[in-house]
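1. Give me coordinates for this.
(2 chains)
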There are 2 protein chains.
Amino acid sequence: MTRTREIPVVQAILSANEQVAEENRRTLARHQVFAVNVMASPGAGKTSLILATARHLPANVRLGVVEGDVASRIDAETIAAAGIPVVQVNTGGACHLDAPMIRSALTHLPLETVDLLFVENVGNLICPAEFALGTHLNVVVASVPEGHDKPYKYPGVFTRSHAVVLNKADMIDVFAFDLDAFRRGVAMVNPHAPVFVLSCKTDMGVPEWVRWLLAQKEAVHPSTTP
Amino acid sequence: MTRTREIPVVQAILSANEQVAEENRRTLARHQVFAVNVMASPGAGKTSLILATARHLPANVRLGVVEGDVASRIDAETIAAAGIPVVQVNTGGACHLDAPMIRSALTHLPLETVDLLFVENVGNLICPAEFALGTHLNVVVASVPEGHDKPYKYPGVFTRSHAVVLNKADMIDVFAFDLDAFRRGVAMVNPHAPVFVLSCKTDMGVPEWVRWLLAQKEAVHPSTTP
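-> The predicted structure is shown next:
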């Protein structure tokens, strides 16, 4: 007698990276840490944005940072000098962070005393957008000297970001930067993303960015101390 | 009777990309075209460098350009508007050009009327350095607003380049750029690479760069017309 063999329903298998990203999400949730993946070209001002944000945070929101770089400890040392707990991840050539790197970095941070975690990705406007890390938000930082055409040329990272920061806005006139064209480019690929036009050097526009960021954090992990 | 089976000597197999790069080298040699692979972060000024070079070239050196971008035809249209033969390669997400893309692009250029070919790689300071295209020179373009720490953070592309161009040098004071630290960083990873400090906006330093570039070209393909 032949028996009908039951074929099991195959569940969607998450990619190895996505599985670890999910693990990171659980780790962050367990410690009530809100995490932001910061992506940008080299030199757009990722580290400067983290430091400017730190200057405008209320005292009850404690920062932590994961610094991703191909090589060097330059940015981690800058962050540490500001008294912020930081872990440096050197990818040794890889062009983006991935979830396993973040899982490892999280074991080296005092998560119980961190409310807001910045993950500074490798300077690259293409590859980082492809890899989930387990963070709550993706933010792309563009900068005025790069030119206003970046959303048109690198649509992937702009599409996958929850917000767009335009840094070095004190240089808009110097570089004849077309802010309207930039905004149109962002709106074309990501109509709902807010655009924060700011300068980490002069602090212009930074309070508005921090206000928005805190509102996102509060929606996920409300502050316990006022 | 068993027979001893002869095991053939396995020759070193070139990677698929390297094989096509070699094919590109032969195509370029056949047409006496000298080709330069230009790599940089987004917005460092690769297109501006090509246009500034065009303004300073002697009339007997005819340009051609391959424009690499994830998306858009913005740069190709700028180059075409300057009257230079150009082919746009859209990688559709890929973070670098590879040799097969260049092979295909070369079939669309009038190589018999091109002496100097610029291949503008995708804006990315990491991945492009890993892929041979069959060009004669690699040149990395850094720019002042990105900061002087780039050779330390992205050593790969600086190591694999024959020359370093530092663009937007008219902004050195505005951005408090440490030129000595930048030069030390380059020297650390690539002691013999010349560093051209220039501004494509003001043309400052461009003649020196063009003189060097032409000397490299002459060494490979001497001009037939003076």
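2. contacting residues for residue A:109?
-> A:64, A:66, A:85, A:87, A:117 (C-beta atoms under 8 Å, 6 or more residues apart in numbering or on different chains). Glycine gets a C-beta too; all of them are placed from N, C-alpha and C.
3. how about the strands in chain A?
-> For chain A, the strands defined by DSSP state E cover A:34-40, A:63-69, A:86-90, A:116-120, A:137-143, A:163-167, A:195-197.
4. So which of those is nearest chain B?
-> Evaluated over these, closeness to chain B peaks at strand A:63-69, with 5.4 Å, by C-beta to the nearest C-beta.
5. Report the strands that pair with the closest one, each with its relative direction.
-> Next to strand A:63-69 in the sheet, as set by DSSP bridges, lie strand A:86-90 (parallel), strand A:116-120 (parallel).
6. Grab the nearest non-local neighbour of residue A:186.
-> residue A:151 (4.9 Å; C-beta to C-beta, 6 or more residues apart in numbering or on different chains).
7. what residues does chain A put near chain B?
-> By C-beta under 8 Å from any C-beta of the partner chain, the residues of chain A that approach chain B are A:41-44, A:69-72, A:74-75, A:93, A:95, A:122-127, A:143, A:145-147, A:149-150, A:152-156, A:168, A:171, A:174.
8. one step back: hmm, the residue nearest to residue A:186 is touching residue A:181, no?
-> No. Using C-beta atoms under 8 Å, residue A:151 makes no contact with residue A:181, being 9.1 Å away.
9. Looking only at neighbour counts, state which of these two leads.
-> residue A:151 (27 against 14; other C-beta atoms under 10 Å in any protein chain shown).
10. Now do the contacts for that one.
-> Contacts of residue A:151 were listed using C-beta under 8 Å, 6+ apart, and they are A:142, A:158, A:164, A:182, A:185, A:186, A:188, A:189.
11. want to throw those residues into JSON lines with neighbour count and pLDDT?
-> Output for these, formatted as JSON lines (neighbours: other C-beta atoms under 10 Å in any protein chain shown; pLDDT from 0 to 100):
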{"residue": "A:142", "neighbour count": "29", "pLDDT": "98"}
{"residue": "A:158", "neighbour count": "24", "pLDDT": "98"}
{"residue": "A:164", "neighbour count": "23", "pLDDT": "98"}
{"residue": "A:182", "neighbour count": "24", "pLDDT": "98"}
{"residue": "A:185", "neighbour count": "23", "pLDDT": "98"}
{"residue": "A:186", "neighbour count": "25", "pLDDT": "98"}
{"residue": "A:188", "neighbour count": "13", "pLDDT": "97"}
{"residue": "A:189", "neighbour count": "18", "pLDDT": "97"}
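12. right, and residue A:197 touches residue A:166 too?
-> Yes. Counting by C-beta under 8 Å, residue A:166 is a contact partner of residue A:197 at 4.8 Å.
13. which residues are common contacts for the two?
-> residue A:179.
14. Neighbour count for those two, which is higher?
-> Higher neighbour count among residue A:197 and residue A:166: residue A:166, with 27 against 19, using other C-beta under 10 Å.
15. wait, doesn't the more buried one sit right on residue A:199?
-> No. Using C-beta under 8 Å as the test, residue A:166 is too far from residue A:199 to be in contact (9.4 Å).
16. now the residues of chain A next to chain B: which count as buried?
-> A:41-44, A:69-72, A:74-75, A:95, A:122-127, A:143, A:145-147, A:149-150, A:152-156, A:168, A:171 (16 or more other C-beta atoms under 10 Å in any protein chain shown).
17. Out of those, which sit inside helices?
-> A:74, A:75, A:150, A:152, A:153, A:155, A:156 (DSSP state H).
18. I'd like these laid out as TSV, including pLDDT and distance to residue A:107.
-> TSV is the format used below for those (pLDDT from 0 to 100; distance: C-beta to C-beta, whole Å):
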residue	pLDDT	distance to residue A:107
A:74	95	23
A:75	95	20
A:150	97	35
A:152	96	40
A:153	96	37
A:155	96	35
A:156	96	30
